[in-house]
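Peer 1: Here is the input, now give the coordinates:
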Amino acid sequence: MGYVIFLIVLIILFLSFLRQVDQYQRGVMFTMGKYSGTRNPGWRLVVPIFQRMVKVDMRIKAVDVPDQEAITKDNVSCQINAVIYYKVIDAAKAVIEVENFYYAVSQMAQTTMRNVAGEVDLDELLTNRDAVSNRIKNIVDKLTDPWGIKVDSVDLKDIVLPEEMKRTMAKQAEAERERRAVIIKAEGEVKAAENLAKAGEILSAKTGALHLRTLNSLNDISSDQSNTIVYAIPLEIIRAFENIGNKFAHDVKKGEKK
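Peer 2: Numbers count the residues shown, from 1 in each chain. You can find the predicted model right below:
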């Protein structure tokens, strides 16, 4: 019976020494306070009192960087928020070199984001988000490299501008659209004038072409009974008819007198 109890105590003691390291983790081992290696996934023996193991998650982490009040290079106030993706590549450095790398990376990203936003104009910040994000990513990655951390990417999620600035930008965009509309309309008128000039040259070069074109236009209009055709006759034609009428009347009177 005593052997059974002793065996049970040994099993319980052995199980108390076991620590499980999951596939996505690494175990940083400390023996009597000194770093004694990094343990891979699996069951590992840890002697209580003499040894301690800190588990570090090696998966990619997504950290939401809260809204940061920043002033751009052209003195425009805005609020910026982002998300940073990073992972631990050296578990020992992440535990030994920095107290809390989760908090440290978040604070580093916030500070860098404000500094980078202050070095660019508002237009560049709005139109070149990818370039600004890559710049923040490179700076944070370089600063956190001694901590055994690799920054995969930084994405700017939203840039909030003051209402006055939004109204000003809306007016600017509206003026730009009006300018492009006027230019397009003017270019269309120029092309139309060029085509009309070419058509006039072709019609004037052939005898009767203008008359045929006029009759063709009248035929197209007359297909719809609801249209009213107002045909413009040159004043010279009316005067010619008037002269013919006057001459005819004069000849009639002259014949009556005879």
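
Peer 1: Quick one: the helices in the stretch 1-150 of the chain, in order.
Peer 2: 2-17, 91-96, 101-117, 122-127, 129-144 (DSSP state H, counting those that start in this stretch).

Peer 1: do the stretch 151-258 of the chain as well
Peer 2: Under DSSP H, counting those that start in this stretch, the stretch 151-258 of the chain gives helices at 163-205, 209-222, 235-257.

Peer 1: looking at those, which is closest to residue 74?
Peer 2: helix 163-205 (10.9 Å; CB to CB). C-beta here means a position set from N, CA and C on the backbone, and glycine is covered the same way.

Peer 1: so what secondary structure elements neighbour the closest one?
Peer 2: In terms of contacts (3 or more CB pairs under 8 Å, 6 or more residues apart in numbering; DSSP states H and E), helix 163-205 is packed against helix 209-222.

Peer 1: Any regions of the stretch 151-258 of the chain where pLDDT drops low?
Peer 2: The model of the stretch 151-258 of the chain has pLDDT under 70 over residues 208, 210-211, 218, 221-225, 227, 229, 231-238, 248-258.

Peer 1: what's the spacing between stretch 159-172 and its chain's center?
Peer 2: Stretch 159-172 has its C-alpha centroid displaced from the chain centroid by 17 Å (CA atoms, centre = their mean, to the nearest Å).

Peer 1: got the buried residues for it?
Peer 2: 159, 161 (16 or more other CB atoms under 10 Å).

Peer 1: List of residues touching it?
Peer 2: 67, 76-80, 122, 125-126 (CB atoms under 8 Å, 6 or more residues apart in numbering).

Peer 1: picking up where we left off before, adding distance to residue 40, write the helices of the stretch 151-258 of the chain out as CSV.
Peer 2: Putting these into CSV (distance: least, CB to CB, whole Å) gives the following:
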stretch, distance to residue 40
helix 163-205, 54
helix 209-222, 87
helix 235-257, 105
